[in-house]
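# Sequence first, then the predicted structure, then my questions.
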Amino acid sequence: MSTAHSSASSRLPGWLFVLFLTLLATATDEFIIAGVLPQVADDLSVSVPAAGQLVTVFAVVYALGAPTLAVVCARLPRRTVTAAGLALFVVANVAAALAPGYWWLMAARVVAALCAAVVTAAAFATAAAGAPRGAQGRYLGVVTAGMTAALFTGVPVGSWLGGAFGWRATFWLIAAVGAVAALGVAATAPAVPGEEPAPLRRRLAPLREPAVLRMVAVTFLAASGGLMFYTYLGAYTAEVASGSWGLLSFLLFLVGAAGLAGALLAGRATDAWGPDRGLRLVLGGHTLTLAVATVLVFSGAGGPVVLAVVVGCWAVFAWGLNPPVQAGVLAAAGPEAGMTALALNISGLYLGTGVAGALGGAVIGAAGVRYVPAVATALLLCSFALASLPVRARGGLTGPATAAVPSAAPK
């Protein structure tokens with residue numbers, strides 16, 4: 001490969017950053033309402049727990065809608081799916097901003113979740129197909145970073161906006177970002193064709209493919225363990241370093257920053273070593289850092305500095321999951337079912353998120369917060385063991401990552 005070609009291939013295209021913005025918008029929509037629940041409850045005359053169901057319904061609809069809509073939209077060009085999905089996403093958030101009552105807001109959240117589900121799967125498929133040979137993991141890492149960035153940019157900004165101007169302003173913000181992303185996708189995204197016409201049975205093939213199901217299970221277990229620790233990070237911090245004023249806020253920012261770096265580094269690792277080895281590296285590091293967090297809380301030897309180091313290292317691995325696992329899913333599914341398989345894996349991620357909160361709460365109720373990282377470590381060990389099984393992907397992708405989805409048409 002010539003030096004000029006290497007330099008050209010190392011430059012990331014503008015459309016990839018548009019997909020970054022796309023995932024930033026959809027992920028912010030998922031998390032942002034948690035910061036304005038009291039205002040929503042007061043304005044719509046419902047209880048805070050009832051307002052909290054707006055978060056739960058979004059996650060459940062997202063998880064169930066992703067694979068279903070992926071099958072429905074499989075034959076459509078990815079640019080069309082992403083741009084149209086974003087347009088409807090904008091409409092749903094405008095409707096949320098104008099909602100006259102609780103059930104109107106709930107309906108808008110359902111539509112927004114369905115749109116976010118199909119847009120996310122299409123965005124990942126576009127990034128994988130548009131990547132040059134040997135750069136798929138890097139491209140997937142940039143798109144994943146959009147989801148991670150929502151934790152420490154979109155969500156805090158939106159929460160501040162809601163506090164300053166009312167909760168409806170948060171949905172206006174998301175609608176504005178979504179509109180910019182939709183225009184960017186329509187103008188710049190590569191022309192990735194849809195899947196070839198095929199019977200429904202073939203489109204549902206990922207549901208029967210052991211290698212795909214294995215990857216979905218890996219994602220589910222890793223999300224359940226990792227997000228359990230994140231969900232109860234506040235209680236864990238109080239246990240390890242109580243009385244440290246402002247420490248939790250710093251740790252939450254650190255998680256976002258380190259997670260962003262982890263997503264990008266994991267993408268490069270996937271390209272260099274292949275999705276199998278990259279995934280084992282991420283899961284192994286995730287398991288080890290959770291084990292250290294367990295030792296830290298039981299030994300009583302921790303302090304703010306040690307805790308910050310452990311949490312920062314954990315975040316790098318925890319948010320590094322998506323690039324290698326998405327590349328592995330694409331390899332396992334083959335080119336004819338890439339988007340459906342990606343959507344199925346996204347469902348595993350969101351179901352794991354739901355289990356994380358419920359199981360972590362049960363652990364705290366039964367044994368105390370000190371056992372949360374211990375249970376999380378056990379789940380990550382199961383995920384690592386499952387990822388290490390010698391199951392060969394359909395595409396035989398064990399080396400450096402290559403696209404296993406329809407290629408983007410040359411421009």
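Perfect, thanks for sending it.
# hey, let's count contacts and neighbours off CA atoms from now on
OK.
# what ranges of this structure fall below the confidence cut-off?
Within the chain, the stretches with pLDDT under 70 are 1-10, 34-35, 154-155, 194-207, 243-245, 334-339, 391-411.
# Pick out the residue nearest the middle of it.
The centroid of the chain falls nearest to M147 when counting by CA atoms, centre = their mean (5.4 Å).
# which strands and helices sit next to the helix or strand hosting that residue?
Using DSSP states H and E, M147 falls within helix 136-149. Helices and strands touching helix 136-149, by 3 or more CA pairs under 8 Å, 6 or more residues apart in numbering; DSSP states H and E, are helix 14-31, helix 102-130, helix 247-273, helix 322-333.
# Report the angle between the shortest one and helix 247-273.
When you say that, I think you mean helix 322-333. Angle of helix 322-333 versus helix 247-273, following axes from the mean of the first three to the mean of the last three CA atoms, to 10 degrees, is 40 degrees.
# Can you name the next helix or strand after helix 322-333?
Sequence-wise, the next helix or strand downstream of helix 322-333 (DSSP H and E) is helix 338-366.
# C-terminal to that next one, which secondary structure element comes first?
helix 372-387.
# what about that following helix, distance to the chain center?
19 Å (CA atoms, centre = their mean, to the nearest Å).
# Ok, stretch 272-282 next?
Chain-centre distance of stretch 272-282: 18 Å, with CA atoms, centre = their mean.
# Give me the distance between P373 and G14.
According to CA to CA, to the nearest Å, P373 and G14 sit 40 Å apart.
# With neighbour numbers in mind, choose between the two.
Using other CA atoms under 10 Å as the criterion, P373 and G14 rank with P373 on top: 29 against 12.
# Would you check that that one makes contact with A293?
Yes: between P373 and A293 there is a contact under CA atoms under 8 Å: 6.4 Å.
# Now do the shared contacts for the two.
With CA atoms under 8 Å, 6 or more residues apart in numbering applied, the contact sets of P373 and A293 do not overlap.
# and the helix or strand F298 falls within, what does it pack onto?
Assigned by DSSP H and E, F298 belongs to helix 275-299. Packing partners of helix 275-299 (3+ CA pairs under 8 Å, 6+ apart): helix 233-240, helix 247-273, helix 304-318, helix 322-333, helix 372-387.
# Deepest-packed of the ones you listed, please.
Highest mean neighbour count of these: helix 322-333, a mean of 29 (counted as mean count of other CA atoms under 10 Å).
# now that helix against helix 275-299, angle please.
Following the same axes, to 10 degrees, one obtains 140 degrees for the angle between helix 322-333 and helix 275-299.
# Just want the angle from helix 322-333 to helix 136-149.
130 degrees.
# Helix 322-333 to helix 338-366, inter-axis angle?
130 degrees.
# packing partners for helix 322-333?
helix 136-149, helix 210-231, helix 247-273, helix 275-299, helix 338-366.
# Buried residues of the fourth one, list them for me.
Neighbour counts over helix 275-299 (16 or more other CA atoms under 10 Å) mark 275-297 as buried.
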